[in-house]
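> Okay, here's the prediction I keep looking at, along with the sequence it came from:
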Amino acid sequence: MLAESGIFLAALGITVLEMAEAAAVGIAIFADTRSPLAYASVALGSASVFVPAALLGIYLELIHIFLLRLASAILLLYFGIRLTLSARRSYRRQRSGHEEHFSGIFVPGFSVGAVEAFEASIVLVALFPENYIYTSAGLLSGIATVVIAAALMHTRIRRLKQYIAKVLVSSLLLSFSVLWFSEAIGSISDLILIPLFLIFFAAIYLFCTSGKNAITG
């Protein structure tokens, strides 16, 4: 049950994280243009990636479990490291007060929606074979969470501390990577996820926030 809950939280976390960034771009475009097309373009771009990824996830269960766990562990390791580096960059941007600016409506909105959904799907494709239902539930819950939060908070979503969310999600992804590397070799208790998560969270947080370069960039 712990693993299933972790899969749900990982799918929820990566979806909220990536879609919050896409929503922030949609809000920025809407603030400049006052056109509802800003939100529609982001939604369409996201759907163009999420729908095929979800359909693909159904058939991944047909692959041998050893190959699935090995491939999933590699994908989660890759994206966990990328997300860790991204968390460090987000911390630097927050400290420097840097803000991104976008021009146009449909093309940037669609592109950002598709790119953010693709990055989330890298993780989702690794999670689908382990439990399709919990991963799908996490994906749908994540989308619903971002839509509701964006509607309630509007421009405030652009000021959220993204690096904290990235530290949390990357810690969870790397924990599952270690778990599935281990399970590809032999049996191991899901309870190892708890100390792994705490260790990764502490290490990644320190990596992002410590040292002169983390502050001045």
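Cool, the structure landed.

> Could you use CA atoms for every contact and neighbour count after this?
Fine.

> Report the mean per-residue pLDDT for the helix or strand encompassing residue 90.
Assigned by DSSP states H and E, residue 90 falls within helix 65-96. The pLDDT scores in helix 65-96 average 83.

> heading toward the C-terminus, what's the first helix or strand past it?
helix 106-127.

> what sits up against that next one?
Residues outside helix 106-127 that contact it (C-alpha atoms under 8 Å, 6 or more residues apart in numbering) are 7, 11, 14-15, 18-19, 21-22, 25-26, 29, 37-39, 41-50, 53-54, 56-57, 68, 71-73, 75-76, 79, 102, 135, 139.

> make it 6 Å
Helix 106-127 has contacts (C-alpha atoms under 6 Å, 6 or more residues apart in numbering) with 14-15, 18, 22, 41-42, 45-46, 72.

> which of those lies closest to residue 177?
Proximity of the contacts of helix 106-127 to residue 177 (C-alpha to C-alpha) peaks at residue 72, which lies at 7.3 Å.

> just curious, which of the contacts of helix 106-127 is nearest to residue 169?
residue 14 (6.3 Å).

> Is the closest one in a helix, a strand, or coil?
Secondary structure, DSSP: H, G, I helix; E, B strand; the rest coil: residue 14 is helix.

> Based on its surroundings, how many neighbours for it?
30 (other C-alpha atoms under 10 Å).

> burial count for the closest residue to it other than its chain neighbours?
Among residues not flanking residue 14 along the chain, residue 120 sits closest, at 5.7 Å (C-alpha to C-alpha, 6 or more residues apart in numbering). Residue 120 has 26 neighbours, counted by other C-alpha under 10 Å.

> Appreciated, that's everything.
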